[in-house]
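**Q** Build me a model:
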Amino acid sequence: MGARHAFLRAGFGFGNMPRFMVEDDVASKKLRILRVELASHLKPVMPMRAVYRNDAPPGPAGRWLIEHLKARDGARIPTPRKR
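**A** Residues are numbered from 1 along each chain as shown. All right, here's what the predicted structure looks like:
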């Protein structure tokens, strides 16, 4: 979180942070809060990525998690509502 906070303060895009970590930055106008509104039929989605070193691949639990995330990926795409 510290690196993400530093990136935000340096102006590298936008991100989600716990409010308590950025309160002073928001008060001093170094950062500002963006409110994102989604259509009512959409649910917020947080993309997940698995990153690991080639010389230290994940063990059984890590492989399970990666496969679980891959399998659920298709389920996260919102489908249009029928009217």
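**Q** So for the chain, the centremost residue is which one?
**A** residue 46 (4.6 Å; CA atoms, centre = their mean).
**Q** give me the low-pLDDT residue ranges for this protein?
**A** 44, 72-83 (pLDDT under 70).
**Q** one more time with 50
**A** 76-80, 83 (pLDDT under 50).
**Q** ok, now which ones touch residue 57?
**A** residue 63 (CB atoms under 8 Å, 6 or more residues apart in numbering). For the C-beta atoms, the positions are set from N, CA and C on the backbone; glycine is no exception.
**Q** So it versus residue 46, what's the distance?
**A** The gap separating residue 57 from residue 46 is 24 Å, by CB to CB, to the nearest Å.
**Q** How about residue 55?
**A** For residue 55 relative to residue 46 (CB to CB), the value is 29 Å.
**Q** Mind giving me the packing neighbours of the top helix by length along the chain?
**A** Counting residues, the longest helix in the chain under DSSP state H turns out to be helix 60-73. Here helix 60-73 touches no other helix or strand, going by 3 or more CB pairs under 8 Å, 6 or more residues apart in numbering; DSSP states H and E.
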